Every structure is written in C-alpha cells, then in structure tokens.
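Asker: have a look; sequence and predicted model below, questions after that.
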Amino acid sequence: MSIHQALTIAGSDSGGGAGIQADLKTFQELGVYGMSVITAVTAQNTAGVQGVYPVEMAGVIRQLDSIGEDLAPDAVKTGMLFSADIIREVAQAVRRYGWRQLVIDPVMVAKGGSVLLQQQAVQALIDELLPLAAIITPNVPEAELLTGMTIRTLAERKQAARQLVAMGARCAVVKGGHDLSTNQAVDVMYDGERFHYTESPRIDTPHTHGTGCTYSAAITAELARGSDMLSAVRTAKAFVQAAIADGLGIGSVHGPTNHFAYRRKGAVL
Ligand SMILES: Nc1ncnc2c1ncn2[C@@H]1O[C@H](COP(=O)(O)OP(=O)(O)OP(=O)(O)O)[C@@H](O)[C@H]1O
Ligand SMILES: Cc1ncc(COP(=O)(O)O)c(N)n1
C-alpha cells in the first residue's frame, strides 16, 4: 500500500485544538500519513495560552534532519515557528531536502493575544521562508505585517495577495475570517495569474480555536494527495467550514473545531 505523507513544523497545543494536534488530526481525516517537527511546547486550553516553552535549537534541527534523512513528505506545512533562528533552520532544511510543496501559515499571535512569533522574526520569515512557499495563508493582521499595507477592503486584500506573490510566494490566500463586515467568510487567492474567491457563510460562534491551522493543514494534505492548488484550497475551505459548523462544545471559552465533521458529512476521499 502506498500512502501520501505530510509533515507539519509547528508548536504543540496541549488543548488539542490548534498547532501540531490540529494538523495531525486534519492529515489523518484526509487520509494522509502525518509527521511532525515540534518547535515549541505551549501550555494552552480553550481559555488561552498559559505558557510557551521553545524547543532548544539542537532539538529542532535534529527533528528536521531525522525526517529529511529517512522520510519523504509529499507536502510540508509550517505553523508556529517562534524565532528567527528556527525560521532559518527550517528554510535550510526545506532547501536541503527539496521540500517543494511548502505551505506557510504565518502564525503570529494566538486568538487570545499571546505571542507565537517573536516580533524580530517577521523579517526572517519574509526573507528566508516566504520565497520557498508554494502557498502562504495569512489572515488580515498577518498580511498587514508581512506587506506593510493597511488592509480594510476586499480590493486591499487582493492587492496584499498580489504583493505576497511579488515577494516570492508562488501563491497567496488572504483569509477573511477576521472580516466581520459581511456575513460571508471570503478568502482571496492569487496564483500569480488570476484571483479566485472561496467563500462560505460566516458562522456566529466563539468556537474557532485553531481554524487557521486546520485550514492550512487541509491544503497541505490535499497537495500531498496530488491535488492542484485551487482544488486543495477549495477542499480546505469545505473542511474548515464543516469543522466550525459542527463544533464539539469542548472546554469553557473558545472551543476547538470538529475535525471529524467533514468525513462524517459523507465526504468521499
Ligand atoms: N466564523 C467563521 N465562519 C466561517 N468561516 C470562518 C469563520 N472564521 C474563520 N473562517 C474561515 O476559516 C479559515 C481560517 O481563517 P481565519 O481567518 O480564522 O484564520 P486564522 O485567523 O489564521 O486562524 P487562527 O486564529 O486559528 O490562526 C478561513 O477559510 C476563514 O474564512
Ligand atoms: C501552537 C499553536 N499554533 C497556532 C495557534 C493559533 O491558533 P488560534 O489563533 O486559533 O489560537 C495556537 N493557538 N497555538
């Protein structure tokens, strides 16, 4: 039996809703074998982040090499990378091992406001990692920091997506999860030639912990399975929509999404 394989390079979320845990659950649900490189351990639950404990550099480098020397992921995603040093090592590994299908979710702050990427690391993300991206998937605040633009309108989101491609990503999606001005969650994708929109009704719920991780992990899984970029983005949108719509009711504050929901709805892989 041959199986498609995907790697996530991200932080651990003890509460299980975001980070490595969300990524591996999403890979599994989409029929892809999952591997992980853990950059930081977070103590986290639905109420917020109680602690951030970066993995020492030697440990990050060793995990990257252990994967690269033996395994061959069909697609790789990055989430919480925490520091400029980690970003540099990840970029080196991506080049060294020829990981061409790289999905970057430029995680910067948790929904509760905790810092998941040091401020001085943003430039390293722009200089070292972004040019290696098959796709980058910022939300609006992340796209603003990466491009230096102020983004309020759909036209500005389109311009930001175009700018991210000019900065070296092969494709960019600027997500609309944070745009409360419409009742649709509209994501804007630019593939270097044209724009595509993926939209779904906005669900009024506080339980959106880990939506960005889940979405980018679903893109990664679909790329690993051999999908083209637009199909991967469309499937990821359907996956995250189902996961938000059918919340689990876990925890006391911002609960996780439901990774089972997409397949339970009868999606055929
Ligand atoms: N309330 C919602 N209803 C429907 N779709 C949503 C909602 N919130 C987010 N989405 C969708 O979920 C996906 C992830 O977007 P979001 O903007 O939440 O990412 P994010 O802010 O990076 O997430 P995270 O905070 O987990 O890092 C996008 O496709 C977005 O359109
Ligand atoms: C380890 C880790 N990675 C990413 C997020 C972002 O997710 P959210 O913004 O939904 O809290 C997180 N909270 N924790």
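Answerer: Perfect, I can see it now. Ligands and ions are numbered 1, 2, ... in the order given.
Asker: could you use CA atoms for every contact and neighbour count after this?
Answerer: Fine.
Asker: and the strands in the chain?
Answerer: For the chain, the strands defined by DSSP state E occupy 5-13, 33-45, 48-54, 75-78, 102-104, 135-136, 172-174, 184-190, 195-201.
Asker: the second one pairs with which strands, parallel or anti?
Answerer: I take that to be strand 33-45. As defined by DSSP bridges, the strand partners of strand 33-45 come to strand 5-13 (parallel), strand 48-54 (antiparallel).
Asker: pull out the buried positions in the last one.
Answerer: In terms of neighbour count (16 or more other Cα atoms under 10 Å), strand 48-54 has its buried residues at 48, 49, 52, 54.
Asker: the third one pairs with what?
Answerer: Each beta-bridge partner of residue 52 is listed here: residue 42, as defined by DSSP bridges.
Asker: just give me the neighbour total for residue 25.
Answerer: If you count neighbours by other Cα atoms under 10 Å, residue 25 ends up with 22.
Asker: how near is it to ligand 1?
Answerer: 15 Å (Cα to the nearest ligand atom, to the nearest Å).
Asker: now swap in residue 6 and tell me
Answerer: 19 Å.
Asker: name whatever forms a beta bridge with that residue.
Answerer: Residue 6 has the following beta-bridge partners by DSSP bridges: residue 34, residue 75.
Asker: just checking, it touches residue 33?
Answerer: Yes - under the criterion of Cα atoms under 8 Å, residue 6 makes contact with residue 33 at 6.2 Å.
Asker: for these two, work out which one has more neighbours and name it.
Answerer: Legend: neighbour count by other Cα under 10 Å for residue 6 and residue 33, higher for residue 6 (28 against 18).
Asker: list the contacts for that one?
Answerer: Shown in contact with residue 6 (Cα atoms under 8 Å, 6 or more residues apart in numbering): 27, 32-35, 73-77, 220-221, 224.
Asker: relative to the whole chain's centre, how far out is stretch 219-231?
Answerer: 14 Å (Cα atoms, centre = their mean, to the nearest Å).
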